[in-house]
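*Asks:* quick one: sequence plus predicted model below, questions after.
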Amino acid sequence: MSKLQKLFISFVTISFLLVGNAYSDKVRIGTEGAYPPWNAKDSSGNLIGFEVDLAKELCAILKHECTIVEQDWDGMIPALLMRKFDLIMAGMSITEERLKTINFSQGYADEVASLAVMKGSSLENLQTVESLSLSNKNSAKKTLDQLTKALAGKTIGVQTGTIHQNFLESGDVGNVTVRKYKTQDEVNLDLAAGRIDAALAAAVAFTDYAAKSKKPVVLVGPTFSGGAFGNGVGIGIRKGDNSSTVGKRDAKLLKDFNRAINTARKNGIISELAIKHFGFDASM
Amino acid sequence: MELLYFGSKGWGDELFTAFLMTIAVSITAMFIGILFSIIFTPLKLSNNKLFNFIANSYTTVIRGVPELLVIYLFFFGGSGAVMFVASIFGYNEYIEINAFITGSFAIGIISGAYSTEVFRGAIQSIDQGQFEASKALGFKKYIYFFKVIIPQMLRLAIPNLSNVWQITLKDTSLISVTGLVEIMRQSYIAAGSTRDPLFFYSFAALLYLILTFLSMKILNKLEKNYSRGF
Amino acid sequence: MIDSLPKLLSATLTTLKLLSLSLVFGLIIGLIFAIMRLSKNKFVSNFSYGFSYVFRGTPLLVQIFIIYFGLGQIEYLRTTFLWVILKEPYWCAIIAFSLNTGAYTSEILRSAFQTIKPGYIEAGKSLGISSKIIFYKIQVPIAIRQSLPAYGNEIILMLKGTSLASTVTLMDLTGVAKYIISTTFKPVEVFIVAGGIYLFLTFLIHNFIKFSEKKMRTN
């Protein structure tokens, strides 16, 4: 390296050091801010919702200083990996597939997934069992066959990179056309506009939209759980290893937050927040 | 119209802040771009093959790949690269780069590729005979450069630089991925929250039109001043 | 990363389809608006100027969002035949791209028409050739030749613009790249491969335009 090159690199590095804050003990939590009522933004640009409130409670229990960072859903896990934040609380379900890349805390809430259509749709009178668990493939088969028949040739909207997308693309309900959107807001808009025949997401995402927009969105079919739908929603965190300072810190954060979730559950904080935001107790 | 109220009810104040943010990011990015072109234009014009290759790769790659991809790459790869450089100097902690800097740099890199081409074109179209003339007059090389080349180059470059400015301004609409709340991201958030995309995207279009209109007026004036001669 | 290549390559076809359709429509739109712009009727020429000003003065992303999400919101539209087209993200993207490139193309063609030396037209007139024939046989070919370099740039800008189709759910090259990232969580690698494909396409277009320029000059 010539002197000039060295000078240039140090200049660049120093200027970045000046503009950025070096890492502190603050815990940074990433959320999407576009998946109401789990997480959303109000008209003043503040992050709100179940997970924003819960994050504050958990940090209070741990006496940690926390900041909540907004991140688009499609970059959520990459941003965690590149250390833009330390934890994900964004309605992210604990699934086998994600566990290959990141770790999860214990679940803090149950996400009940459901199909939604507009009133008057041919799917509106779909008669199925009330809830479908994919943990046992044999007992689920009858309902899945029924869904396969009903959804044949239909276009269904989901948010990109979600359990809902994985389920529809798994072939469990045959070959449906899956249209993938950047945010749930966009899914809702196109469902209301009639661009898609149905949508699949957390049931509360649809009921919240129906209540706020006064649009006739109705839930149809069973509620889904198990299998591709994962085991509840948890806090996403980098896989800690004890070989580096960052890894040690991540491992400790996981332990701490598991403990905080336990405490919050025992004290009824999670149930209380769930009832406030979802209208029912979705804690787990 | 309620949607545009200032305060906690409407989106007026948020959109106004976002409008200012777009201006700030555009100016910073344009400035970074010009800094880039001050580095790369001489490399492009140099007789050194390696320098040529570096500068040509920069302008070709950046102008040949969609802006959205460049921004994504910068966003996901950029902080990793900074941390890598920092680790060479023994600094291993997380470095947080704020969204404004990330956004301005991402757009600045793109803007720089275009302004490098503009400066190269401008310098190349200056009559080579002038170099001989100033030599004959006994000018020193750097005097020749600052007194003869630079003023002429600026005069030739300004009309095309105003095109680069318009490109830069419009490209800022793509940096919402970095989380920076400029016009486009604010409209996106407002459209999602109020479920009224038609209104907010049309309003965003209007804000951009105001910006392009105003900047055209200012740049035209600047152009006139410069073409008056020295 | 090698395993994502086939998926990306097949998505490249979608990108090329979007590009070529938009260019064809854009050229037609551009030609119409260029002629309108040169019209002696103030209203017609101002209308054309306004069209190109609005589409060149706003980001393509805003345009595509207004057409897709904005128009989709109007309930009345959904009852008309227009909805058959606007319902499809594919056609919404094509409409946005065509109007956008049409606006730029109209500017390129207008300035090409204006730089044609009046002498050519006079010469044709004095030979007794009708003005219609002069227009199609002299003005249009000269304008095309004059505007080729600028139009080549526009094609490359449009190729890059098609990456925004991914924002309205289309699975073009960028859309598929994002989709792969949603399961592999490796954005840098995937975007580099996708960027390489775009770069290669730019290279092809660039050389094709150069070749056409040469060909036209020798004719």
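*Replies:* Perfect, I can see it now.

*Asks:* what's around residue C:128, how many residues?
*Replies:* 6 (other C-beta atoms under 10 Å in any protein chain shown). The C-beta positions use only the backbone N, C-alpha and C, and glycine is treated the same way.

*Asks:* one more: residue B:218?
*Replies:* Neighbour tally, residue B:218, other C-beta under 10 Å: 12.

*Asks:* quick check: which ranges of chain B have low pLDDT?
*Replies:* Regions of chain B meeting the criterion pLDDT under 70 cover residues B:1-2, B:7-9, B:92-94, B:131, B:228-230.

*Asks:* for it, which residues are neighbours of chain A?
*Replies:* Contacts of chain B with chain A, taken as C-beta under 8 Å from any C-beta of the partner chain, map to B:8-11, B:14, B:75-76, B:79-80, B:82-83, B:85-86, B:88-89, B:91-98, B:101, B:177, B:179, B:181, B:189-193, B:195, B:197.

*Asks:* just the strands in chain A please.
*Replies:* Using DSSP state E, the strands found in chain A span residues A:27-31, A:40-41, A:47-48, A:66-70, A:87-88, A:103-109, A:113-118, A:131-133, A:155-159, A:177-181, A:198-202, A:217-225, A:233-237.

*Asks:* quick revisit: ChimeraX command for the buried members of the residues of chain B next to chain A?
*Replies:* To isolate the buried ones among the residues of chain B next to chain A in ChimeraX, judged by 16 or more other C-beta atoms under 10 Å in any protein chain shown, type:
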select /B:10,11,14,75,76,79,82,83,85,86,94,95,96,97,101,177,179,181,189,190,191,192,193,195,197
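
*Asks:* inside helices: which ones of the residues of chain B next to chain A?
*Replies:* B:14, B:75-76, B:79-80, B:82-83, B:85-86, B:88, B:101, B:189-193, B:197 (DSSP state H).

*Asks:* isn't residue B:46 up against residue B:52?
*Replies:* Yes. Between residue B:46 and residue B:52 there is a contact at 6.6 Å, judged by C-beta atoms under 8 Å.

*Asks:* close to chain B: what parts of chain C are there?
*Replies:* Residues of chain C lying near chain B (C-beta under 8 Å from any C-beta): C:53-54, C:56-63, C:65-66, C:69-74, C:156, C:159-164, C:166, C:174, C:177, C:187-188, C:191-192, C:194-195, C:198-199, C:202-203.

*Asks:* swap in the stretch 101-250 of chain A?
*Replies:* Going by C-beta under 8 Å from any C-beta, the residues of the stretch 101-250 of chain A near chain B are A:183, A:185-186, A:188-189, A:209, A:212-213, A:245-246.

*Asks:* wait, what's in contact with the residue nearest the centre of chain C?
*Replies:* The structure's chain C has its C-alpha centroid closest to residue C:101; by C-alpha atoms, centre = their mean the separation is 3.3 Å. Residues counted as contacts of residue C:101 (C-beta atoms under 8 Å, 6 or more residues apart in numbering or on different chains) are C:22-23, C:26, C:30, C:154, C:157-158, C:161.

*Asks:* tell me the SS of it?
*Replies:* What DSSP: H, G, I helix; E, B strand; the rest coil gives for residue C:101 is helix.

*Asks:* against chain B, how distant is it?
*Replies:* For residue C:101, the distance to chain B (C-beta to the nearest C-beta, to the nearest Å) stands at 14 Å.

*Asks:* same check, this time on residue A:87
*Replies:* Where chain B is concerned, residue A:87 sits at a distance of 14 Å (C-beta to the nearest C-beta).

*Asks:* where does the stretch 101-250 of chain A dip in pLDDT?
*Replies:* Scanning the stretch 101-250 of chain A residue by residue, none of them satisfies pLDDT under 70.

*Asks:* which residues of chain C lie near chain A?
*Replies:* Residues of chain C lying near chain A (C-beta under 8 Å from any C-beta): C:69, C:72-73, C:78, C:87, C:89, C:167, C:169, C:178-179, C:181-183, C:185-187.

*Asks:* tell me which stretches of the chain form helices.
*Replies:* By default, I'm working from chain A. So, for chain A - with DSSP H - the helices run A:3-19, A:50-62, A:76-81, A:96-99, A:137-151, A:163-169, A:184-193, A:203-213, A:245-266, A:269-278.

*Asks:* my question was about chain B
*Replies:* Shown for chain B, the helices assigned by DSSP H span residues B:12-45, B:49-64, B:67-88, B:99-124, B:129-136, B:141-144, B:150-171, B:183-194, B:197-227.

*Asks:* Throw these into CSV and include distance to chain C, thanks.
*Replies:* CSV is the format used below for these (distance: least, C-beta to the nearest C-beta, whole Å):
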stretch, distance to chain C
helix B:12-45, 10
helix B:49-64, 4
helix B:67-88, 4
helix B:99-124, 10
helix B:129-136, 26
helix B:141-144, 32
helix B:150-171, 4
helix B:183-194, 6
helix B:197-227, 4
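
*Asks:* dump those helices to TSV, plus distance to residue A:79.
*Replies:* Output for the helices of chain B, formatted as TSV (distance: least, C-beta to C-beta, whole Å):
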stretch	distance to residue A:79
helix B:12-45	20
helix B:49-64	24
helix B:67-88	8
helix B:99-124	12
helix B:129-136	52
helix B:141-144	47
helix B:150-171	22
helix B:183-194	16
helix B:197-227	25
